[in-house]
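> Task: produce atomic coordinates for the following.
(one chain, ligands or ions: 1)
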Amino acid sequence: MRYPFISGNWKMFLNKTSGVELAKALVNGTKDVKDRDIMICPGFPLLSDVAEILAGSQIQLGAQNMYYEKEGAFTGEASAEMLMSVSCSYVLLGHSERRHIFHENNELINKKVLAALQGGLKPILCIGELLEEREAGNTESVVREQLTTGFTDVNAAHFSDIIVAYEPVWAIGTGKTATPEDADNVHSFIRKTVAGLYSKSISDEMRIIYGGSVKPDNIDGLMAKENIDGALVGGGSLKQDSFIRIIKFES
Ligand code: PGA
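I've put the predicted structure just below:
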């Protein structure tokens, strides 16, 4: 049984005041929600304040990135331990904006996955193909490589803490969502790949969430698909009404 996981990625939006306000509205608006996990990823400077608002609620806190070293002279970076100390449970790793704007490659992302697990954070490994890779018929090879390298040396015992987010790069922030069928096909391929790397039981249990222009009007169709276990929502998570409706998807 894979429990639905709905997460919001605030990216570099909102400040302390507007972030705290949104967090309060989400806590109030989701009190009656049952049978699903909810998580939000505010920017680093907002984490402590948002953590205070979320304390005692069912909404969990995640960070948008981290560095793999434990500590040191790494200006501008944050370690797993720092994120744990402000109550983060999850961390997004390998988001397409990290890959494409900040040139993170699969090897670096793998080091971060290993460091997150070692530090007690649950990694959400984000993968997905560019439009030209899809059009060239390379979606599966790109995704396979992202999974194979991203999970190098990851122990099977850690898989209950790992989530994969499939986010086709051409669907992020563009208003173009993959159809539920397209997304489900790639999710099914991800599940088969993880079964090959580990085992069928691990891949059957692993949650694979979809991201890329998820909105109140497409969440129900996405969540109805067998292999879509949740959503990673950017723009649609920045307004309380929109994100609460996404959290309360019906399928
Ligand atoms: P979007 O972003 O919902 O704004 O497309 C999703 C993401 O980048 O995680």
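
> What are the contacting residues of the helix or strand Asn185 falls within?
Using DSSP states H and E, Asn185 falls within helix 180-197. Contacts to helix 180-197, defined as CB atoms under 8 Å, 6 or more residues apart in numbering, come from residues 127, 139-140, 143-144, 147-148, 151, 164, 166, 168, 177-178, 202-204, 206, 208, 210, 218, 221-222, 224-228. All C-beta atoms are positioned from the backbone trio N, CA, C, and that covers glycine.

> Tell me which of those residues fall in helices.
Residues of these located in helices (DSSP state H): 139-140, 143-144, 147-148, 202-204, 221-222.

> Please list only the buried members of the residues you listed.
Neighbour-count burial (16 or more other CB atoms under 10 Å) is assigned, among the ones in helices among the contacts of helix 180-197, to 139-140, 143-144, 147, 202-203, 221-222.

> In those residues, find the pair that's most separated.
The span of these, defined through CB to CB, is set by Ile202 and Gly221 at 27.6 Å.

> before we move on, back to that, looking at the buried ones among the ones in helices among the contacts of helix 180-197, spot the one nearest the ligand.
Nearest to the ligand among these is Leu222, at 11.7 Å by CB to the nearest ligand atom.

> The helix holding Asn185 near the ligand at all?
No. Judged by CB under 6 Å from any ligand atom, helix 180-197 makes no contact with the ligand; its nearest approach is 12.7 Å.

> cool, stretch 210-226 as well?
Yes. Residues of stretch 210-226 contacting the ligand under CB under 6 Å from any ligand atom: 211-214.
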